[in-house]
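1. What would the 3D arrangement of this be:
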Amino acid sequence: MPAVPVEEEKPGFWKRVWRLLTRGISPYAAWGALAAAVVPIPGIGYGVGRIWGSVLFQIGQWTNGVIPGLLPDLIGLSVLALAFRALVLRPGAVRFFYFSTAAIGAATGVLWPDVVAFMTGVR
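-> Numbering: from 1, shown residues only. As a prediction, this is how the structure comes out:
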């Protein structure tokens, strides 16, 4: 009797992204790096990712008349792309921490204020 090939299920998009990002990193190290980017620093009250987002937001406030909203977007996305490239080329917990910090900063400092500005019309 001939063997019937069994087709395996392909993992979903988010599962493939998580595998790409955590390739070569133990799950505990990945969660630890993500927590290090989020957990508030004692005495400051914000995590490293939120501080980076605040820096990007302040850059947007300082350059509001020159290039409204474009400079922090370019800086945030450039740093995110560089951190992603470094993580994919040489995976490790420290690079995952850099990527997590850049992603959280871009989301809170650039993306969220742009969504609010788009919905309300107030920058």
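2. Do you have the helices of the chain handy? List them.
-> 13-21, 27-38, 48-62, 70-89, 93-106, 112-120 (DSSP state H).
3. what ranges of the protein fall below the confidence cut-off?
-> Within the chain, the segments meeting pLDDT under 70 span 1, 6, 64-69, 113-118, 121-123.
4. again, 50 this time
-> In the predicted model, the chain carries no residue with pLDDT under 50.
5. Quick check: Trp52 touching Val110?
-> No. Here Trp52 does not reach Val110: they are 10.2 Å apart, not a contact under CB atoms under 8 Å. In short, each C-beta sits where N, CA and C put it, glycine included.
6. burial count for Ile104?
-> Residues near Ile104, counting by other CB atoms under 10 Å, number 21.
7. Is it correct that it is in contact with Ser54?
-> No. Ile104 is not in contact with Ser54 according to CB under 8 Å; the separation is 11.1 Å.
8. Go ahead and confirm Pro11 touches Arg19.
-> Yes. The criterion here is CB under 8 Å, and Pro11 meets it with Arg19 at 7.3 Å.
9. What is the neighbour count of the residue nearest to Gly32 when sequence neighbours are not counted?
-> Spatially, and ignoring its direct neighbours in sequence, Gly32 is nearest to Ala93 (6.9 Å; CB to CB, 6 or more residues apart in numbering). Close neighbours of Ala93, defined as other CB under 10 Å, add up to 19.
10. What of Leu89?
-> 8.
11. Distance check, it against Arg95.
-> 9 Å (CB to CB, to the nearest Å).
12. Repeat that for Gly32.
-> 13 Å.
13. Between those two, which has more neighbouring residues?
-> Arg95 (21 against 15).
14. who touches the more buried one in this structure?
-> By CB atoms under 8 Å, 6 or more residues apart in numbering, Arg95 lies in contact with 83, 86-87.
15. same deal with Leu20?
-> Leu20 neighbours (CB under 8 Å, 6+ apart): Val88.
16. Residue numbering should commence at 304 henceforth.
-> Sounds good: first residue 304 from here, last item Leu323.
17. Spatially, what comes nearest to the residue most central in space within the chain if we skip its sequence neighbours?
-> For the chain, the residue sitting closest to the mean C-alpha position, by CA atoms, centre = their mean, is Ala406 at 1.5 Å. Setting aside the residues directly before and after it, Ala406 is nearest to Leu383 in space (CB to CB, 6+ apart), at 6.1 Å.
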